[in-house]
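Visitor: quick one: sequence and predicted model below, then my questions.
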Amino acid sequence: MPSPILQIPRVQPPSGSGWGDIRQALASGLVQRLGQPWRDQPETAFAPGCVWLGLHESTLLIHAELADREPANRATVPNERTWELGDVLELFLKAEASDTGTGSSAYYEFHITPENRRLQLRFPATAALRDIREKRATLDSFMIADSLFESRTEISRGRDAWQVYARFDLRPLFPDPAGIPSGLRFLISRYDYQPGAARPVLSCNESSRLARPDFHHIPGWTQAVPES
């Protein structure tokens with residue numbers, strides 16, 4: 001069954017810099033709860049999370065609240081292999097073909113850690129992953145050094161949760177003479193490393209249609225359009 005096409009509401013930016021201001025601004029946004037849609041029931045160690053998405057002019061705004069037993073990631077500089085080093089929130093983003101004929105198989109992968117370290121990747125096509133696995137290309141060749149988005153994070157005082165606020169200007173990501181893309185595919189995913197566990201708990205937005213935790217499987221991503 002194909003993913004339903006959702007609508008990303010238009011919102012106003014936060015009126016201030018506090019997390020309460022951010023929460024209020026995105027309260028009317030598209031709500032995406034994290035889960036494990038490839039399983040009948042989530043793993044016992046699964047920790048919930050919720051993400052709100054909204055559009056202000058050409059900018060995609062995202063606010064995430066994530067329960068976590070001990071938020072941490074060992075990354076210390078941009079573009080490290082964050083998913084191997086600790087907790088991370090990921091956004092995969094791809095433009096759908098527009099009415100002007102502008103379309104591309106390229107997509108982005110963005111990572112944000114609890115300490116606000118970031119990884120930015122642009123893949124020209126899904127075949128790039130096969131090239132990496134078969135040693136015909138390296139992951140470094142798809143990394144982007146120049147900052148493509150803004151973000152901030154906060155770890156709770158009790159170290160039992162963390163939250164993210166991020167802003168993505170869609171115009172430079174997806175140049176289109178008609179403006180921002182008329183449609184998007186996206187996936188919000190998470191690596192949750194818990195103390196003493198042998199492997200991370202994986203999750204993603206429940207509106208996706210993934211039969212297994214293959215986050216690069218674009219047909220399983222959520223489809224969305226901007227509010228008109």
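Guide: That came in fine, so what should we check first? Residues are numbered from 1 along each chain as shown.
Visitor: need the helices for this structure, in chain order.
Guide: 19-26, 127-133, 170-173 (DSSP state H).
Visitor: pipe the ones you listed into TSV and attach distance to Arg118, mean neighbour count and mean pLDDT per row.
Guide: (Each C-beta comes from the backbone N, C-alpha and C, glycine too.) Formatted as TSV, the helices of the chain follow (distance: least, C-beta to C-beta, whole Å; neighbours: other C-beta atoms under 10 Å; pLDDT from 0 to 100):
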stretch	distance to Arg118	mean neighbour count	mean pLDDT
helix 19-26	18	17	98
helix 127-133	20	14	85
helix 170-173	15	16	96
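Visitor: mind checking the ones you listed for the one nearest to Asp40?
Guide: helix 127-133 (27.8 Å; C-beta to C-beta).
Visitor: what does the closest one contact?
Guide: 123, 137-139, 142, 216 (C-beta atoms under 8 Å, 6 or more residues apart in numbering).
Visitor: show me how far it is from its chain's centre.
Guide: Using C-alpha atoms, centre = their mean, to the nearest Å, the mean C-alpha position of helix 127-133 is found 21 Å from that of the whole chain.
Visitor: just the CA atoms of it, as PDB, please.
Guide: Provided in PDB are the C-alpha atoms of helix 127-133 (Å, rounded to 0.1, in the frame of the first residue of the first chain):
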ATOM      1  CA  ALA A 127      22.900   3.600  -6.600                       C
ATOM      2  CA  ALA A 128      25.400   5.600  -4.700                       C
ATOM      3  CA  LEU A 129      24.900   3.300  -1.700                       C
ATOM      4  CA  ARG A 130      25.700   0.300  -3.800                       C
ATOM      5  CA  ASP A 131      28.900   2.000  -5.000                       C
ATOM      6  CA  ILE A 132      29.900   2.600  -1.400                       C
ATOM      7  CA  ARG A 133      29.200  -1.000  -0.300                       C
END
